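> give me coordinates for this.
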Amino acid sequence: MLNVNVLVTFLLYAAIIVIPSLTYYCVMDIAFNNLKSSGILDLKDWNYVKGGKLYRWPDATYRYLKKINWYENFLLKTKEVAPHIYQLPNIVFVSPSANKGRIEEKLYDLFPKKIDFILMDYSRNIDGKANTKSNGKFTYLEGSFDGNSLKANLAKVDIRFADIIMDIRGCIWYSTDKKDRTGEGITRVFKEYHRSLNMGGIIIIDAVKLRSKTITRNQIFYKCLNLVLGFQEVSTYQKIERFLENDFINKHFHKEIVGEGSNCLATFKKIS
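Numbers count the residues shown, from 1 in each chain. The predicted structure is shown next:
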């Protein structure tokens, strides 16, 4: 009898919450794709306007990363892998794909105040993004900035080189897809970041290893319940790993994997 009650409860839950939620998500996704393809909604903005499929994601991710102590781990691991950077009198930390900037704002609270945070994003209109701070140590640039032109973007604010470039599911992530056979987009971004870094500077990307069924589970819980159990997409490292045996990357960067589980990061130190 108990098993029957559990089954009935589950079916009612599915009928009342899960199925309508998934239907709503699918309809909204199709609608926004149509708007994007027709040019009615700007490609830079469509994911992040209210109702867009990524509108709530930055805030939900922020809470998840806080729960797993990702921010403290990030600071600890970057200090371990790049102690030479933290000995500098002044450090430039750049996030080319900052979105709302909540991750960067939390890191700003934790990091030494000799670090200048420079945030930018390709999307122009992002609701609720972090505000530039009056002390000049945390600046979110207004407008649309393509990570593929990072060197020129930094020149606009009189910065010649960065010491740390953090690209968490950002420009590098978007530089390739499943159909990619050459990895040219990845090489292009790494070349641009190489031009933008001081010698010994590092690129930091997310590197958690996720199975497809785990991603599917995480997507269902987020889309139906706004509950984040983990990341919804493969990490940047997973996405680009097959292209990392690359002459340019191997020649100019030293790669290192640090951290474990959801706190796993990949760093690329500029060596030449």
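
> next structured bit after the helix or strand of the chain with the lowest mean pLDDT?
For the chain, using mean pLDDT, DSSP states H and E, the weakest element among its helices and strands is helix 19-38, scoring a mean of 53. Sequence order places helix 57-67 as the next helix or strand after helix 19-38, per DSSP states H and E.

> name the helices or strands packed onto that following helix?
Other helices and strands packing on helix 57-67, by 3 or more Cβ pairs under 8 Å, 6 or more residues apart in numbering; DSSP states H and E, are helix 102-110. Any C-beta I mention is one placed from the backbone N, CA and C, and that applies to glycine too.

> what mean pLDDT would you report for the helix or strand that comes right after the helix it packs on?
Next along the chain after helix 102-110, taking DSSP H and E as the criterion, comes strand 115-119. Averaged across strand 115-119, the pLDDT comes to 98.

> next one: stretch 194-210
Mean pLDDT, computed over stretch 194-210, is 97.

> let me see the ranges of the strands in the chain.
Under the criterion DSSP state E, the chain contains strands at 91-95, 115-119, 138-140, 162-166, 197-206, 253-258, 265-270.

> now do stretch 187-207: distance from first to last residue.
Across stretch 187-207, the terminal residues are separated by 18 Å (Cα to Cα, to the nearest Å).

> how about residue 69: what's its closest non-neighbour residue?
Nearest residue to residue 69, sequence neighbours excluded (Cβ to Cβ, 6 or more residues apart in numbering): residue 263, at 7.4 Å.

> next up, the contacts around that neighbour.
By Cβ atoms under 8 Å, 6 or more residues apart in numbering, the residues touching residue 263 are 68, 69, 70, 73, 74, 77, 208.

> looking at those, which is nearest residue 133?
Of all the contacts of residue 263, residue 133 sits closest to residue 74, with 19.6 Å by Cβ to Cβ.

> can I get the contacts of residue 263 in TSV including distance to residue 88 and neighbour count?
Shown next, in TSV, are those (distance: Cβ to Cβ, whole Å; neighbours: other Cβ atoms under 10 Å):
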residue	distance to residue 88	neighbour count
68	29	13
69	26	12
70	24	22
73	22	19
74	18	23
77	18	19
208	29	20
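
> and which of the residues you listed is nearest residue 146?
Using Cβ to Cβ, residue 74 comes nearest to residue 146 of those, at 24.8 Å.

> contacts only, for the closest one.
107, 204, 263, 265.

> among these, which one sits closest to residue 173?
Among the contacts of residue 74, residue 204 lies closest to residue 173 (Cβ to Cβ), at 12.9 Å.

> so what pairs up with the closest one in the strands?
For residue 204, the beta-bridge assignment (DSSP bridges) gives partners residue 166, residue 267.

> how many other residues sit next to it?
When neighbours are defined as other Cβ atoms under 10 Å, residue 204 has 23 of them.

> same check, this time on residue 110
Here the count is done by other Cβ under 10 Å, and residue 110 has 11 residues near it.

> repeat that for the one 3 residues further on.
By other Cβ under 10 Å, the residues close to residue 113 number 10.

> that one and residue 137 touch, don't they?
Yes: if you go by Cβ atoms under 8 Å, residue 113 and residue 137 touch, sitting 6.2 Å apart.

> doesn't residue 249 make contact with residue 190?
Yes: using Cβ under 8 Å, residue 190 makes contact with residue 249 at a distance of 5.5 Å.
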